[in-house]
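Trainee: kindly return the folded structure for what I paste below:
(2 chains)
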Amino acid sequence: GAVVSQHPSRVICKSGTSVKIECRSLDFQATTMFWYRQFPKKSLMLMATSNEGSKATYEQGVEKDKFLINHASLTLSTLTVTSAHPEDSSFYICSARGLAGLNIQYFGAGTRLSVL
Amino acid sequence: SQKIEQNSEALNIQEGKTATLTCNYTNYSPAYLQWYRQDPGRGPVFLLLIRENEKEKRKERLKVTFDTTLKQSLFHITASQPADSATYLCALDILMDSSYKLIFGSGTRLLVRP
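Mentor: Reported below is the predicted structural model:
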């Protein structure tokens, strides 16, 4: 299957700093990328959907100024957690769908963010 | 309200048996339904996709059924192995605002005993 690379896998930062997470589709062009957040033993919660070259669409309750998403190319999307606080600590996972359709989403390995 | 429900309790079975996981949903009309496997600390891995007009799909030891009248999908793993132990997520593919979004259930943890 297609590969989605997410980096870093783990990050620890101080409260008030910003953290950038990268998501790349390695062997296909991703028309749409998605960002999810997952709390321990809970389901994946969709945060936002981004299409290449346009602004991301955020789900209700997700602060767009806190979670900045950029989808600059068909293979790269970034999520920046701005002015991170301990309550932002979570597991963030990106996902991508390709041009070929089939409605299959491929997921990155996730990023564990810990804000001290 | 809209819900996707999977058994919250872990499913514990003996190696070699068939594992059956359930996904029920309300107030959704998914075009597709997908099953994913998630291991601890990792992202989900795609397993199977079934369309709304399909009743059953198979892939090796995996079988998925989809009943849009009952609003239910069943996921079967035959001849289960300890390596099948993981959390299995059901996801509905919903068309919203001209694009598809995957909405996930909370997952069922499967433990296969040797």
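Trainee: the helix or strand of chain B with the lowest mean pLDDT packs against which elements?
Mentor: Sorting the helices and strands of chain B by mean pLDDT, DSSP states H and E puts strand B:99-104 at the bottom, at a mean of 87. On a contact count with 3 or more CB pairs under 8 Å, 6 or more residues apart in numbering or on different chains; DSSP states H and E, strand B:99-104 meets strand A:30-38, strand A:44-51, strand B:32-38, strand B:86-96. Using the backbone N, CA and C atoms, a C-beta is placed for each residue, glycine as well.
Trainee: among those strands, which is nearest A:G110?
Mentor: strand A:30-38 (7.6 Å; CB to CB).
Trainee: give the bridge partners for the residue in chain A positioned nearest to chain B, please.
Mentor: Chain B sits closest to A:F107 of chain A, with a gap of 3.7 Å, by CB to the nearest CB. Under the criterion DSSP bridges, A:F107 forms beta bridges with A:S95.
Trainee: quick one: it and A:I93 touch, right?
Mentor: Yes. The pair A:F107 / A:I93 is scored as a contact, 5.8 Å apart, by CB atoms under 8 Å.
Trainee: count residues in the vicinity of the residue in chain B positioned nearest to chain A, would you?
Mentor: Using CB to the nearest CB, the point where chain B gets nearest to chain A is B:G43, with a distance of 3.7 Å. Other residues lying near B:G43 total 23 when counted by other CB atoms under 10 Å in any protein chain shown.
Trainee: for B:A83, same thing?
Mentor: 8.
Trainee: could you give the bridge partners of the closest residue to it other than its chain neighbours?
Mentor: What sits nearest to B:A83 in space, not counting adjacent residues and going by CB to CB, 6 or more residues apart in numbering or on different chains, is B:V112, at 7.8 Å. Residues in a beta bridge with B:V112, per DSSP bridges, are B:I13.
Trainee: do you know how far B:V112 is from B:Q81?
Mentor: Remark: distance between B:V112 and B:Q81 (CB to CB, to the nearest Å) = 6 Å.
Trainee: thinking again about what came up before, mind listing what's buried in the least confident helix or strand of chain B?
Mentor: B:Y100, B:K101, B:L102, B:I103, B:F104 (16 or more other CB atoms under 10 Å in any protein chain shown).
Trainee: so who does the first one touch?
Mentor: Contacts were defined as CB atoms under 8 Å, 6 or more residues apart in numbering or on different chains; by that measure B:Y100 touches A:R97, A:N103, B:A31, B:Y32, B:D93, B:I94.
Trainee: who are the packing partners of the helix or strand the first one falls within?
Mentor: With elements delineated by DSSP states H and E, A:R97 resides in strand A:90-98, which encompasses its position. If you count contacts as 3+ CB pairs under 8 Å, 6+ apart, strand A:90-98 packs onto strand A:4-7, strand A:19-25, strand A:30-38, strand A:76-81, strand A:106-107, strand A:111-115.
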